[in-house]
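Peer 1: sequence below, structure please.
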Amino acid sequence: MINILIMDYDLLTVLIAVADSRNFREAAERLRISQPAVSLKIKKLEEAHPVPLFVLEGKRKVLTRYGNSLVELAKR
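Peer 2: Numbers count the residues shown, from 1 in each chain. Sure thing, here's the model as predicted:
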């Protein structure tokens, strides 16, 4: 079960931008913040969850099923 009520709005906004763009750099440009800031916010979000939000596929980070569920909840 995902407890979205305790999540920081800013972190969820970054997660949605990364999910929509499928790219940390593009998410950073869209949000007008640096790419390292996006990475840090995603790291904080990942640390708050018991399972991974992303997995590496080659050089790309791809949302897991759990990550996709969190994105869908955050969009509501």
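
Peer 1: can you give me the strands in the chain?
Peer 2: Using DSSP state E, the strands of the chain run over 54-57, 60-63.

Peer 1: nearest to residue 15, out of those strands?
Peer 2: Nearest to residue 15, of all the strands of the chain, is strand 60-63, at 8.8 Å by Cβ to Cβ. (C-beta placed from N, C-alpha, C; glycine too.)

Peer 1: still on that earlier bit, give me whichever of the strands of the chain is most buried.
Peer 2: Of the strands of the chain, the one with the most neighbours on average (mean count of other Cβ atoms under 10 Å) is strand 60-63, at a mean of 15.

Peer 1: that one pairs with which strands?
Peer 2: Next to strand 60-63 in the sheet, as set by DSSP bridges, lie strand 54-57 (antiparallel).

Peer 1: in this structure, where is pLDDT below threshold?
Peer 2: Scanning the chain for pLDDT under 70 picks out the ranges 1-7.

Peer 1: go ahead and flag the most central residue of it.
Peer 2: By Cα atoms, centre = their mean, the chain has its centre lying nearest to residue 15, at 2.7 Å.

Peer 1: ok, that one - contacts?
Peer 2: 41, 42, 45, 53, 67, 70, 71, 74 (Cβ atoms under 8 Å, 6 or more residues apart in numbering).

Peer 1: tell me who's in contact with the residue lying farthest from the centre of the chain.
Peer 2: Here the chain reaches farthest from its C-alpha mean at residue 58, the gap being 18.3 Å by Cα atoms, centre = their mean. Contacts here follow Cβ under 8 Å, 6+ apart; on that basis residue 58 touches nothing.

Peer 1: next: residue 17.
Peer 2: Neighbouring residues of residue 17 by Cβ under 8 Å, 6+ apart: 27, 30, 31, 38.

Peer 1: the nearest residue to residue 24 once chain neighbours are set aside: neighbouring residues, count only.
Peer 2: The shortest distance from residue 24 to any non-neighbouring residue, by Cβ to Cβ, 6 or more residues apart in numbering, is to residue 38 (5.0 Å). Applying other Cβ atoms under 10 Å, we find 23 residues neighbouring residue 38.

Peer 1: circling back: just the buried subset of the contacts of residue 15, written out for ChimeraX, thanks.
Peer 2: In ChimeraX, this line selects whichever of those come out buried by 16 or more other Cβ atoms under 10 Å:
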select :41,42,45,53,67,70,71,74
